[in-house]
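1. sequence? don't have it. structure:
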């Protein structure tokens, strides 16, 4: 594992996270009725529950 490959992986993760958050911001800027029609609140709630579960699991390990 070279330093350049590590930097490349970090840059890729950063770009992916930035694109994901940008998409979430765009979807959150839509009217609530339109978000409901495309199913965004359910998708967003599912992601948040997974994040909360990950935090809970890591807290149990500590």
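-> That came through fine. These numbers come from a predicted model, not from an experiment.
2. which secondary structure elements does the helix ranked longest in the chain contact?
-> Secondary structure of the chain per DSSP state H: the longest helix is helix 3-29. Where contact means 3 or more C-beta pairs under 8 Å, 6 or more residues apart in numbering; DSSP states H and E, helix 3-29 is packed against helix 32-38, helix 40-61. Heads up, the C-betas are built off the backbone N, CA and C, glycines and all.
3. lowest average pLDDT across these?
-> The weakest mean pLDDT among these belongs to helix 40-61, with a mean of 56.
4. from residue 10, how far out is residue 33?
-> Using C-beta to C-beta, to the nearest Å, residue 33 is found at 39 Å from residue 10.
5. of those two, who's got more company?
-> Legend: neighbour count by other C-beta atoms under 10 Å for residue 33 and residue 10, higher for residue 10 (10 against 7).
6. any idea how far that one is from residue 18?
-> Distance from residue 10 to residue 18, by C-beta to C-beta: 12 Å.
7. what do you get for residue 31?
-> 25 Å.
8. can you check residue 24 too?
-> Distance, residue 24 to residue 18, using C-beta to C-beta: 11 Å.
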